[in-house]
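1. let me see the structure of the following:
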Amino acid sequence: LSRALLSSLGFSTPPPPTTHPLVQSLHLLLLSLFLHTAVGVWVAPMASTPDVAGIKDQLQSAADADDVVQMQLLLLRLTQINMTVEILQETRIGALVNNLRKKYKGNADLSRTAKALVKGWAVLLKRFEQQKTLAAAAEGSGGAVRKTQASPTSIATATATA
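-> Below you'll find the model as predicted:
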């Protein structure tokens with residue numbers, strides 16, 4: 001979002017890069033929720049492999065420290081990212097999130113968030129495989145397939161229908 005748009009909506013500029021990553025995540029989450037409520041638009045940043053790998057490392061560190069609050073915040077951060085199949089495959093973050101879902105079944109919020117992510121990503125992978133099959137059939141030799149992305153809306157829809 002541009003600084004002018006943020007200012008016109010009454011927001012200050014985004015937090016400086018030196019701000020703690022969790023504070024940045026909460027800032028983006030609150031901004032996204034505000035825009036969804038006020039305008040009906042979800043704002044989800046595009047994912048990159050280093051971003052998701054960093055979140056995965058932070059999530060693993062939080063799990064090692066048994067810091068449930070930080071894990072929940074990081075999972076919420078993941079729900080706000082447009083994920084691609086390529087990033088899921090490269091980072092293998094789905095395996096970590098699924099393991100956390102199993103390990104923390106006693107924590108309803110953490111388990112529910114992790115389950116929603118895993119279900120949304122499973123739908124994303126299924127759509128990717130379907131597109132790959134269709135592309136292979138259409139081209140005869142399996143040419144290039146465009147990146148498939150999961151938005152927060154598609155994850156919510158997948159979770160609601162599952």
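2. any idea of the mean pLDDT in the helix ranked longest in the chain?
-> Taking residue count as the measure and DSSP state H as the definition, the longest helix of the chain comes out as helix 108-139. Here the mean pLDDT over helix 108-139 is 89, rounded to a whole number.
3. buried residues in that helix, which are they?
-> By 16 or more other Cβ atoms under 10 Å, the buried positions in helix 108-139 come out as 110-111, 113-125, 127-128. Just so you know, the C-beta spots here come from the backbone N, C-alpha and C atoms, and that holds for glycine as well.
4. so what does that helix touch, helix or strand wise?
-> In this structure, helix 108-139 packs against helix 68-79, helix 85-91, helix 93-103, strand 149-150, helix 152-161, with contacts taken as 3 or more Cβ pairs under 8 Å, 6 or more residues apart in numbering; DSSP states H and E.
5. between helix 93-103 and that helix, find me the angle.
-> On the basis of axes from the mean of the first three to the mean of the last three Cα atoms, to 10 degrees, helix 108-139 is oriented at 150 degrees to helix 93-103.
6. so helix 108-139 versus helix 68-79, what angle?
-> Using the same axes, to 10 degrees, one finds that helix 108-139 and helix 68-79 are set 30 degrees apart in direction.
7. before we move on, back to that, any idea which of the helices and strands packed on helix 108-139 is most buried?
-> strand 149-150 (a mean of 23; mean count of other Cβ atoms under 10 Å).
8. what residue ranges in the chain score low on pLDDT?
-> Low-confidence segments of the chain, defined by pLDDT under 70: 1-46, 141-162.
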